[in-house]
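Trainee: coordinates for the following, if possible.
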Amino acid sequence: MKRLLSIELQKIWKNKASRVLTLTYFILLTFIALIASIKFDLGIFKFHLAEMGIFNFPFIWHFNTYIAAILKLFLAIVIVSMMANEYSYGTLKQNLIDGMSKREFIESKFLTVVLFAGVSTIFIFIMSLLLGYSFSSYTEISIVFSDLQYLLAYFVKLVGFFSFCLFLGILVKRSAFALGFLLVWNIIEGIINGILSFKVFPDSTSAASVMQFFPLQSMSNLIVEPFTRLSVVKNLGTQIGLDNVKNYNVELSSLLIVTCWTVIFVFLSHKLLKNRDL
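Mentor: Below is the predicted model of the structure:
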């Protein structure tokens with residue numbers, strides 16, 4: 001396992017584009033801290049984002065994982081490029097000639113996916129602790145370490161998404177086309193969601209019940225947007241007569257669905273590579 005992972009990390013680090021994208025991703029994650037310094041002063045309308053409670057424990061776990069997940073496309077490009085480069089530079093064929101089996105090849109890629117997701121999760125955990133203890137009004141241990149399920153959801157979401165990207169990289173062989181396919185699939189899910197919501201099931205929640213089984217939507221369902229949880233937003237909604245009944249919890253069903261998609265993508269990646277004439 002260590003040998004397989006070492007081989008993949010060397011490939012990524014020696015590729016300048018992958019190295020830059022990986023570093024850019026983690027640098028952008030630190031920019032979440034800059035949100036604390038944003039202040040708006042529009043006459044009588046003044047507010048400081050940090051004072052709105054976005055860095056309060058335990059809300060910070062929800063907020064930071066949601067924002068960080070938006071930036072996952074940077075590592076997705078690395079994952080797709082990592083696979084595309086295997087075909088472009090002939091390293092896939094060379095690895096197989098050197099004795100690596102196709103199963104070991106897929107294992108090495110998946111281990112890299114898990115490593116990226118794990119390091120990113122640890123990074124968010126540490127950064128959230130630092131920001132939370134700097135700005136949170138609540139620093140009791142029982143409060144600080146509640147709602148850590150968002151970190152688990154973040155990890156599962158990244159592993160699932162990167163596994164999808166890995167599969168697309170093997171399927172399409174070209175980075176640009178694989179990312180284009182990812183965009184097209186996102187649009188397709190949006191169209192299906194619209195048809196189900198407004199045409200097939202306009203007066204029920206059946207559309208959401210169906211859409212939760214689609215890959216990208218299931219990943220999106222893991223961490224629901226956190227902004228409407230803020231007290232200032234809730235108070236505004238109450239004043240204009242809007243009741244917020246959204247469920248912000250990390251659902252076990254969502255975790256299981258994304259985990260199943262992860263297994264499917266890894267299995268299909270191996271199956272595709274096994275049956276393909278290299």
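Trainee: count the residues that sit near Arg103.
Mentor: For Arg103, the neighbour count with other CB atoms under 10 Å is 11. Every residue, glycine included, has its C-beta placed from N, CA and C.
Trainee: contacts only, for Pro215.
Mentor: Taking CB atoms under 8 Å, 6 or more residues apart in numbering as the criterion, Pro215 is in contact with Gly160, Phe164, Trp185, Glu189, Trp261.
Trainee: kindly reformat the residues you listed as a markdown table containing pLDDT.
Mentor: Shown next, in a markdown table, are the contacts of Pro215 (pLDDT from 0 to 100):
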| residue | pLDDT |
| --- | --- |
| Gly160 | 96 |
| Phe164 | 95 |
| Trp185 | 94 |
| Glu189 | 95 |
| Trp261 | 97 |
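Trainee: so where's the stretch 151-278 of the chain uncertain?
Mentor: Under the criterion pLDDT under 70, the flagged ranges of the stretch 151-278 of the chain are 231-245, 277-278.
Trainee: tell me where it has helices.
Mentor: Defined through DSSP state H, counting those that start in this stretch, the helices belonging to the stretch 151-278 of the chain, from first to last, are 175-195, 206-211, 215-222, 231-239, 252-275.
Trainee: what about the ones you listed, which gets the closest to Leu92?
Mentor: Among the helices of the stretch 151-278 of the chain, the nearest to Leu92 by CB to CB is helix 252-275 (8.4 Å).
Trainee: tell me what that closest one is packed against?
Mentor: With contacts defined as 3 or more CB pairs under 8 Å, 6 or more residues apart in numbering; DSSP states H and E, helix 252-275 has these neighbours: helix 102-135, helix 149-172, helix 215-222.
Trainee: and the first one, how far out from the chain's middle?
Mentor: To tie it back to what came earlier, the one meant is helix 102-135. The chain centre lies 11 Å from the centre of helix 102-135; the measure is CA atoms, centre = their mean, to the nearest Å.
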